[in-house]
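**Q** Generate coordinates for the sequence data below:
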Amino acid sequence: MRALTLWQPWAWAVFHGKNIESRGWVPTDDQLKQGDLLAIHAAARKPTKEHIETLRLQHGLSFPGEQAFGAVIGVVRYCGLLSPANVTCNWCEAHMFGWVLSDHQEISWPIKCRGHQGLWKLDAEDERWVREQISLREDTCA
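**A** This is a model prediction of the structure:
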């Protein structure tokens, strides 16, 4: 399973209403295909007051202070891309690709591990622990 490291509070927001992740690049098919599961890893970096305030003001979400850092916190299904020309949503950033996310499943016991830039592969043991905590559903990407 591939993983994507996000700074908090954005990693937490994926499981509380954030269904688009803005990126300046497109994953190749050997990295991530429509319908694949994608682990969301919360970076070890603590959130800034500005990011927490942006989350509250622009998205109406209040980030709880006690959250996991440096850990996989859940899994989503990758459902494809919105091109920069078509990206117009509350979670989208101008001139970026919008990665469409669905089937958000936060896990009860975050898996501590080191994150990486870009897409990266969970090691076998961490993936096993993640899969034990999620219920695999049919692919809901339309």
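**Q** tell me the SS of the residue sitting furthest away from the middle of the chain?
**A** The C-alpha centroid of the chain is most remote from residue 85, which lies 22.0 Å away (C-alpha atoms, centre = their mean). Following DSSP: H, G, I helix; E, B strand; the rest coil, residue 85 is assigned to helix.
**Q** hey, which strand is longest across the protein?
**A** strand 97-112 (DSSP state E).
**Q** what helices or strands is the helix or strand following that strand leaning on?
**A** Counting by DSSP states H and E, the next helix or strand C-terminal to strand 97-112 is strand 119-121. Counting contacts by 3 or more C-beta pairs under 8 Å, 6 or more residues apart in numbering; DSSP states H and E, strand 119-121 is packed against strand 2-6. Yep, even glycine has a C-beta here, placed from its N, CA and C like the rest.
**Q** got a list of contacts for the strand it packs on?
**A** When contacts are defined by C-beta atoms under 8 Å, 6 or more residues apart in numbering, strand 2-6 is touched by residues 11, 14, 21, 31-32, 36, 38-43, 72, 115-117, 119-122.
**Q** Can you show me the strands along this structure?
**A** Using DSSP E, strands in the chain cover 2-6, 20-23, 37-42, 71-82, 97-112, 119-121.
**Q** winner for burial among these?
**A** strand 37-42 (a mean of 24; mean count of other C-beta atoms under 10 Å).
**Q** From the contact counts, what lies against that strand?
**A** Against strand 37-42 (3+ C-beta pairs under 8 Å, 6+ apart) you get strand 2-6, helix 10-14, strand 71-82, strand 97-112.
**Q** Include mean pLDDT and distance to residue 26 when you put the ones you listed into JSON lines, please.
**A** Formatted as JSON lines, these follow (pLDDT from 0 to 100; distance: least, C-beta to C-beta, whole Å):
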{"stretch": "strand 2-6", "mean pLDDT": "97", "distance to residue 26": "13"}
{"stretch": "helix 10-14", "mean pLDDT": "94", "distance to residue 26": "19"}
{"stretch": "strand 71-82", "mean pLDDT": "94", "distance to residue 26": "6"}
{"stretch": "strand 97-112", "mean pLDDT": "94", "distance to residue 26": "6"}
